[in-house]
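**Q** sequence and predicted structure, then a few things I'm wondering about:
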Amino acid sequence: MPDTGEINTIISTYVIPWGINIFFAIAIFIIGRIVAKMIVRLLKKILHKTGMDDILINFVSSIANTALLLFIIIAALDQLGVDTTSLIALLGAAGLAVGLALQNSLQNFASGVMLIVFRPFKAGDMVEAGGTAGVVESITIFNTILRTGDNREVIVPNGSIYNDNIINYSARDTRRIDMVFGIGYDDDIKQAKEIMQQILDSDERIHKDPAPLVAVAELADSSVNFNVRPWVNTGDYWAVKFDLTEKIKLAFDANNISIPYPQMDLHIDKQE
């Protein structure tokens, strides 16, 4: 059995120093966690004051919390005498490998951050983006969820949206309806124009300023084409367009104004 002197030497050489190191490592971890929570809480308050989106605030806070926790763990391990240099290098290599493996996901993430920060559209807007048209249901870090007109849910990667053209039909309070109506060459142009103008003037949903346009736009192969361009509130766009199409067709029928369709005249010469 070791004598008292050897026991005291072991205690003073190994037990006490290790005990102190373990104590300080635990203290570093506990205090560090408390400080990290305070920093994350403060960061959230600052970001909320800037008016940043809640999705981005939560994500940034999560990254900050993870980074602080990693720093605290490395500091605690360093207190225990662990060589953290190799650990940091290992984490760096692992991060690089994960980044290469998740390249598309990281692109979607970066695009999601840009969409949330710059807000080209918001939830409830009618948009055409990423090859899909629909109402924006929600914007997440990696995907944007759209609801189509027939009530389908389409999940579009943010990278596909941000790297392509974005058409936001809800961005403005008013929209112009662009319509084309053709009449036959034998029909009265002035009469047709007056009929369409009267229909536009009688619809209270159509704005007076700017005034709706009715003009001859083209002398086509089989018809004289009119451009009809009224301005309406964005929410009335489709209802007014459908109503005008029906009313103008019925008015043309009632006044014997034809709406021609493409046709070809075939002449056959008889040879004797």
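**A** Thanks, I have it. Residues are numbered from 1 along each chain as shown.
**Q** isn't S160 up against G130?
**A** Yes - taking Cβ atoms under 8 Å as the definition, S160 is a contact partner of G130 at 4.0 Å. In short, each C-beta sits where N, CA and C put it, glycine included.
**Q** so which of those two has more stuff around it?
**A** When S160 and G130 are compared on other Cβ atoms under 10 Å, the one with more neighbours turns out to be G130, at 22 against 17.
**Q** can you report phi and psi for the more buried one?
**A** Note on G130: backbone dihedrals following degrees, to the nearest 10 are phi 60, psi 30.
**Q** which ones are touching it?
**A** When the contact criterion is Cβ atoms under 8 Å, 6 or more residues apart in numbering, the partners of G130 are 144, 156-157, 160-161, 164.
**Q** out of those, which is nearest to R41?
**A** Taking Cβ to Cβ as the measure, R41 lies nearest T144 of those, at 29.4 Å.
**Q** state the distance from the residue nearest to that closest one when sequence neighbours are not counted to D125.
**A** The spatial neighbour of T144 that comes closest, neighbours along the chain excluded (Cβ to Cβ, 6 or more residues apart in numbering), is V156 at 5.2 Å. Spatial separation of V156 from D125 under the definition Cβ to Cβ, to the nearest Å is 14 Å.
**Q** quick one: which of those two has more around it?
**A** Neighbour count, other Cβ under 10 Å: between V156 and D125, V156 has more, with 20 against 17.
**Q** the more buried one falls within a helix, correct?
**A** No - following the definition DSSP: H, G, I helix; E, B strand; the rest coil, V156 is strand and is not counted among the residues of a helix.
**Q** check contacts around it.
**A** 129-132, 143-146.
**Q** could you rerun that using 6 Å?
**A** Contact criterion Cβ atoms under 6 Å, 6 or more residues apart in numbering gives 130, 132, 144 as the residues in contact with V156.
**Q** follow-up on the earlier one: rebuild the contacts of G130 as JSON lines, extending it with pLDDT and distance to M196.
**A** Rendered in JSON lines, the data for the contacts of G130 read as follows (pLDDT from 0 to 100; distance: Cβ to Cβ, whole Å):
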{"residue": "T144", "pLDDT": "90", "distance to M196": "40"}
{"residue": "V156", "pLDDT": "93", "distance to M196": "39"}
{"residue": "P157", "pLDDT": "91", "distance to M196": "44"}
{"residue": "S160", "pLDDT": "90", "distance to M196": "41"}
{"residue": "I161", "pLDDT": "91", "distance to M196": "39"}
{"residue": "D164", "pLDDT": "88", "distance to M196": "37"}
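**Q** between the contacts of V156, which is closest to I206?
**A** Minimum distance to I206 across the contacts of V156 is 30.1 Å, recorded for T132 (Cβ to Cβ).
**Q** give me the nearest residue to that closest one, chain neighbours excluded.
**A** V154 (5.0 Å).
**Q** one more: K249?
**A** Of all residues not flanking K249 in the chain, I259 sits nearest, at 7.0 Å (Cβ to Cβ, 6+ apart).
**Q** burial count for that neighbour?
**A** Number of residues near I259 (other Cβ under 10 Å) recorded here: 15.
**Q** and the pLDDT for it?
**A** For I259, the pLDDT comes out at 86.
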